[in-house]
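Colleague: sequence-free structure coming up:
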């Protein structure tokens, strides 16, 4: 798919922009060709596009975004098209409260292609919604999520009084946000997630996992990362000492923030075109048949946890039990039914 077609999908099929709509395209110096394609797609439907260019190394911690707080609130729609997501910032929360709509579209890729060229953007938002709604309704008013995999993942999440949402690209309602990551998401109660994750998918911006990595979570925080090559990459990404290694490679500031270790989001991919192949973390976490845990900031997802950033760990083929019902078995959506303890 060419870059102009990807931009058209976002402008027309997701944002539904029309004549005289004002949209802010917030990007950085690495994505100027995407900004040009997006502006041309806006011109085609008569929408007004303002491109805001930030410095790529300042995005992840949210400070440069907060400086745009008042300006972004004037827009009909905002597209977060920097390399790194800032959907979970206070500035986005404020813009939404003032009636703006926000589309999170982190443009970071690991294969040299533009995100606008990725085939997974062709996923039908309505199809993703239909796929996700049965699981969404089971998560409403539920209290716990229990996730296992055949590789050994065994995790529990407390979701008491937390509300799920669905991202499917499209923006329809004033004051709402969406994402190019097609997923169901819910912010678990902070400090209550416990268990073992056998990570076999991807590590967000870092890319694909070569071999499964064991990760322990206790009282909401990562307490152990297995000492493997991939495990060390993840540690370097989180620790301030990683600036000279992984963080320099990805051109972001070191986090140096213990709150980045906190499990702050539970997600289920809804894009049947996506594959977890490490080319783009947005595609990875969107892939149907995977779940992901988001760590760090979750303010715009309905949670209360703040941190210097947000990243996701993606794992394949989960069995997901919500209270007493199986909603996914080994990565396949289930007709909702009571749990059969003798089978699992």
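Modeller: Everything's here; your move. All values reported here derive from a predicted model rather than from experimental measurement.
Colleague: and the helices in the chain?
Modeller: 3-8, 32-45, 63-66, 69-72, 90-97, 125-139, 229-238, 246-249, 281-286 (DSSP state H).
Colleague: rank those helices by mean pLDDT and give me the bottom one.
Modeller: Among these, helix 246-249 carries the lowest mean pLDDT, a mean of 41.
Colleague: OK, contacts around the nearest residue to residue 106 once chain neighbours are set aside?
Modeller: Excluding the flanking residues, the one nearest residue 106 by C-beta to C-beta, 6 or more residues apart in numbering is residue 85, at 4.3 Å. Heads up, the C-betas are built off the backbone N, CA and C, glycines and all. Contacts for residue 85 (C-beta atoms under 8 Å, 6 or more residues apart in numbering) come out as 104, 106, 310.
Colleague: can you tell me how far residue 85 is from residue 179?
Modeller: 8 Å (C-beta to C-beta, to the nearest Å).
Colleague: now, which of the contacts of residue 85 sits nearest residue 114?
Modeller: For these, the minimum distance to residue 114 (C-beta to C-beta) is 12.4 Å, reached by residue 106.
Colleague: for the closest one, what are its contacts?
Modeller: 80, 81, 82, 83, 84, 85, 115, 180, 281, 282.
Colleague: now do the closest residue to the fourth one other than its chain neighbours against residue 80, distance only.
Modeller: This means residue 83. Nearest residue to residue 83, sequence neighbours excluded (C-beta to C-beta, 6+ apart): residue 108, at 4.3 Å. Computed with C-beta to C-beta, the distance linking residue 108 and residue 80 is 12 Å.
Colleague: the two: which is more packed in?
Modeller: Neighbours were tallied for residue 108 and for residue 80 using other C-beta atoms under 10 Å; the higher tally belongs to residue 80 (26 against 20).
Colleague: now do that one, the pLDDT please.
Modeller: Confidence score, pLDDT, at residue 80: 88.
Colleague: so it sits right up against residue 103, yeah?
Modeller: Yes. Using C-beta atoms under 8 Å, residue 80 is in contact with residue 103, at 6.9 Å.
Colleague: quickly list what's touching both of these two.
Modeller: In contact with both residue 80 and residue 103: no residue, using C-beta under 8 Å, 6+ apart.
Colleague: pull out the buried residues from stretch 129-137.
Modeller: Using 16 or more other C-beta atoms under 10 Å as the test for burial, stretch 129-137 gives 129, 131, 132, 135, 136.
Colleague: ok, the last one - contacts?
Modeller: So that's residue 136. Applying C-beta under 8 Å, 6+ apart, the residues near residue 136 are 164, 166, 184.
Colleague: just residue 231 next, same as before
Modeller: Counting by C-beta under 8 Å, 6+ apart, residue 231 touches 213, 215, 225.
Colleague: cool, residue 332 as well?
Modeller: residue 289.
Colleague: can you rerun that using 10 Å?
Modeller: When contacts are counted by C-beta atoms under 10 Å, 6 or more residues apart in numbering, residue 332 touches 288, 289, 317, 319.
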